[in-house]
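A.B. asks: Structure here, sequence nowhere to be found:
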């Protein structure tokens, strides 16, 4: 478990929202839910073949203070980085911290 001083990065948690365009089609946009302090723990890096190109996939865990409004349907943005949340974990079952397991695809 981290300490207050280790959470020094501001991350934005975003939620997907379906919108309707002028032709009646649906589009997904992302809206900010909250901005929180966090600490990143890099886990692994690997290469994957996507759409005929080799891309880097970076996995990490972001530690944030406990909240009830974060789910795997959300995503995280930090600067120009965008990461999909794969899992939301309360590591000690004490409702003090959440660990957000994320993956980031880099072209």
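C.D. replies: Thanks, I have the structure now. Since the structure is predicted, the reported quantities are computational estimates derived from the model, not experimental observations.
A.B. asks: ranges for the strands of the chain?
C.D. replies: For the chain, the strands defined by DSSP state E occupy 9-20, 26-50, 53-65, 74-78, 81-89, 97-106.
A.B. asks: Any chance of JSON lines for those strands, columns mean neighbour count and mean pLDDT?
C.D. replies: In this view, the C-beta of every residue, glycine as well, is placed from N, C-alpha and C. Shown next, in JSON lines, are those (neighbours: other CB atoms under 10 Å; pLDDT from 0 to 100):
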{"stretch": "strand 9-20", "mean neighbour count": "14", "mean pLDDT": "94"}
{"stretch": "strand 26-50", "mean neighbour count": "12", "mean pLDDT": "82"}
{"stretch": "strand 53-65", "mean neighbour count": "15", "mean pLDDT": "81"}
{"stretch": "strand 74-78", "mean neighbour count": "18", "mean pLDDT": "96"}
{"stretch": "strand 81-89", "mean neighbour count": "15", "mean pLDDT": "94"}
{"stretch": "strand 97-106", "mean neighbour count": "18", "mean pLDDT": "88"}
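A.B. asks: and the gap between residue 85 and residue 41?
C.D. replies: Residue 85 is 15 Å from residue 41, where distance means CB to CB, to the nearest Å.
A.B. asks: cool, residue 29 as well?
C.D. replies: Taking CB to CB, one finds residue 29 at 30 Å from residue 41.
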